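Asks: Sequence and predicted structure, then a few things I'm wondering about:
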Amino acid sequence: MNINDIKTVKVPNGCLLKELFMQAQEEMADYGTVFPVDLNTGEGQKLFREFAAYTVEELMEGVNALKNRPWNQSQVLVDIQHVKEELSDALHFFIALCNLIGLSHVELFEIYMKKKQVNNFRRESGY
């Protein structure tokens, strides 16, 4: 089965990021994952590393779907849908990582916006 077998998806009203976080929490609980983990413990760090590796692996699967290589002269069409699916997989594991350490969708948004301002300042000031 792949995403082409799914005809429709119900898009909920409200905050979609919150919905993704809640669904991921439910799935993690179904698998028996207890969160948030304590990153000061070996077990907590082990779980964090595992989910981080899954995230990177999915991103690399997206990169590997790009068929044009620097040493090739011919241009090959990319299966864009495949790249999007791999990004979706990476997002799934990234959200799981956030849930794993107790980072809510609201806190993630706040941190993202603050970090964006810092990055903009650095870029504009030549930092």
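Replies: That came through fine.
Asks: Show me what the helix or strand hosting K46 packs onto, helices and strands only.
Replies: Counting by DSSP states H and E, the element that carries K46 is helix 42-64. For helix 42-64, the elements it packs on are helix 80-100, judged by 3 or more Cβ pairs under 8 Å, 6 or more residues apart in numbering; DSSP states H and E. To be clear about C-beta, it is placed using only N, CA and C from the backbone, and glycine gets the same treatment.
Asks: in the helix it packs on, what counts as buried?
Replies: Buried positions in helix 80-100, judged by neighbour count with 16 or more other Cβ atoms under 10 Å: 82-83, 85-86, 89-90, 92-100.
Asks: Tell me who's in contact with the closest residue in space to A90 that isn't next to it in sequence.
Replies: Sequence neighbours aside, E58 is the residue nearest to A90 in space, at 3.8 Å (criterion: Cβ to Cβ, 6 or more residues apart in numbering). By Cβ atoms under 8 Å, 6 or more residues apart in numbering, the residues touching E58 are 86-87, 89-90, 92-93.
Asks: Export those residues as TSV, with columns for pLDDT and distance to M113.
Replies: Formatted as TSV, the contacts of E58 follow (pLDDT from 0 to 100; distance: Cβ to Cβ, whole Å):
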residue	pLDDT	distance to M113
E86	97	26
L87	98	21
D89	97	25
A90	98	21
H92	97	23
F93	97	23
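Asks: What are the phi and psi values at E107?
Replies: Backbone torsions of E107, given as degrees, to the nearest 10, read phi -60, psi -40.
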